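A.B. asks: Quick one, structure for this:
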Amino acid sequence: MARTLCELVYFTSDFMKAIQGYHLIKPEDLFWRPSNLMKIPNVSRTCGMERTGSENKGARLGRPRMGASLVGFLALIGSAWLFLTMSCWAGSNETGFALKDGDTVVFLGDSITAARGYTKIVELYTLMRHPELRVRFWNAGKGGDTAAGAVERLEKDVFSHGATVVTVAFGVNDIGWGTKADQEHKQRYLDGIRRIVTECQKRGVRVFICSPAVLQEDPDKGENGFLQKMADEGMALAKSLGAGTIDISRAMREVQRKVVAANAGEQDPKKLTRLHLDDGVHLNDLGQLAMAWAMLKGLGAEAEVSDAAVDASAEKVIRASGCRITDIRKLSDGVTFVRTDSGLPMNLGILSALQYQFVPVPETLNRYQLTVKGLTSGRYTVHAEGRLLGTYDAKQLAEGVNISSATANGWEPGGPWDAQSDVVKELVDARDKLWMGGQLRSQYNDNNPNAVALAADFTRLDQQLTELARAQAKPYPYRFEVRVAQ
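C.D. replies: Here you go, the predicted structure:
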């Protein structure tokens, strides 16, 4: 992947506390007033339903209905623009996906990392898209931590777990949530970044220094604020030392601009879309997805999963990128063939695609293309392993469609790859819960007389869950049928 202007990843902070005297989070700067309600935007117009709060784990759209609002249309235009400008945010990784077989990835950061949101999405993506890679993931987030503080726990929380790759995301706590935005605290941050990079390099660990997640503020103000400038200096320092960098802030800021544009047409404050919790610093589900997307692009995640193109009338393969196509047979009303992929798209569960109007996952991470030429004009159903993906006209199929999240029923997975990803997501969540249980046990109940045996059980179950997830993510041959719609 060619090197471009920036990089990407994350950051953020810790416990809730009042901010005084710093322009980044003054009340008048907030786009969204405090509210416990997080509504998926335009849901009532697209699906005739509303989901809030903890229900908002994302959403998968089938096909939007006609008559979508102008705001929704502009959001789609924004997604296309964001896709076209992705090169502005690429990380310093120039050799494809940065994670390799046998890697152990440690996410080092503060409470945003400790929340275990974006980290699970990176793990899910890697399992689905690169089933050939055996990669382990470890969360080393700690609430309230700083770059300088993290130096003191590198051995215990990073190197002792066999890290080969470390992502580093700090910033907001380093300047006291804005109350200590001065030269002294910036220097402490930069000194911490230098120490982290050099300690990693001594051990042959590949390290990526990331700028922090955006705050809930005017995106233009954030672009020119103290935090971004400090992060820029940190990334420049890391580059000068030979480390990788990911500019999460700027990637997320483009998502934030789309959110702000969508909110401009909403009169009800309870229906505004948000990336943050009420403190304006910590991220909600949409914000965590935006951070995960930024990190993945910074790690070199490619847009195309696979691309299958066939000629129905000639019974031949036109193109097969990232997949194999076999057993093409012309039918009286269409065509059938078998597609076997090298990797699969990542889906995040029922209704997750509703968030894609802001975070362009389909265009930039999930291009799972199907093209069928040589069909007579008309409408055609597309099935994969007997599951209906949707109905398309011959022109659409000839031009190619992205079927990564296609489903005929928004309350069910679409193709088998979709169901596989949903299952793997649940297994990643289960492993995360097991990990958290192990952390609590080791920190607060290590005096248990069965501590050694319990620790061994936790390790064994973690390995079993990881192997189960890898097995579930493995691609297998899918029989496709494209037939005239009845």
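A.B. asks: Identify the residue spatially nearest to Cys200, adjacent ones excluded.
C.D. replies: Leaving out its chain neighbours, the residue that sits closest to Cys200 by CB to CB, 6 or more residues apart in numbering is Val207, at 4.1 Å. Quick note: C-beta positions are derived from backbone N, CA and C, even for glycine.
A.B. asks: For this protein, which residues score under the pLDDT cut-off?
C.D. replies: Within the chain, the segments meeting pLDDT under 70 span 1-95.
A.B. asks: Domains in it, by residue range?
C.D. replies: Domain ranges of the chain: 23-298, 303-486, per automatic domain parsing.
A.B. asks: looking at those, which is buried most?
C.D. replies: domain 23-298 (a mean of 20; mean count of other CB atoms under 10 Å).
A.B. asks: how close does the nearest residue to Ala98 once chain neighbours are set aside get to Val207?
C.D. replies: Excluding the flanking residues, the one nearest Ala98 by CB to CB, 6+ apart is Leu299, at 4.4 Å. Here the criterion is CB to CB, to the nearest Å. By it, Leu299 lies 12 Å from Val207.
A.B. asks: which element follows the helix ranked longest in the chain toward the C-terminus?
C.D. replies: What stands out as the longest helix in the chain, according to DSSP state H, is helix 416-444. With elements assigned by DSSP states H and E, the helix or strand that comes after helix 416-444 is helix 451-473.
A.B. asks: Dump the next helix or strand after that next one to CSV, keeping only the CA atoms.
C.D. replies: Downstream of helix 451-473, the first helix or strand assigned by DSSP H and E is strand 478-484. The C-alpha trace of strand 478-484 is given here as CSV (Å, rounded to 0.1, in the frame of the first residue of the first chain):
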residue,chain,number,x,y,z
TYR,A,478,-20.6,-21.2,-1.7
ARG,A,479,-23.1,-22.2,-4.4
PHE,A,480,-24.5,-19.0,-6.1
GLU,A,481,-27.7,-19.0,-8.1
VAL,A,482,-28.9,-16.0,-10.1
ARG,A,483,-32.4,-16.5,-11.5
VAL,A,484,-35.2,-14.5,-13.0
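A.B. asks: that older thread, tell me which other helices or strands the longest helix of the chain touches.
C.D. replies: Packing partners of helix 416-444 (3 or more CB pairs under 8 Å, 6 or more residues apart in numbering; DSSP states H and E): helix 118-129, helix 451-473.
A.B. asks: distance between that helix and the chain's centre?
C.D. replies: 16 Å (CA atoms, centre = their mean, to the nearest Å).
A.B. asks: so what's the nearest residue to Gly400 once chain neighbours are set aside bridging to?
C.D. replies: In this structure, Gly400 finds its nearest non-sequential neighbour in Thr371, 3.9 Å apart by CB to CB, 6+ apart. Beta-bridge partners of Thr371, counted by DSSP bridges, are Ala309.
A.B. asks: And Thr371, how far from Ser313?
C.D. replies: Distance, Thr371 to Ser313, by CB to CB: 14 Å.
A.B. asks: again, but for Leu133
C.D. replies: Taken as CB to CB, the span from Leu133 to Ser313 is 39 Å.
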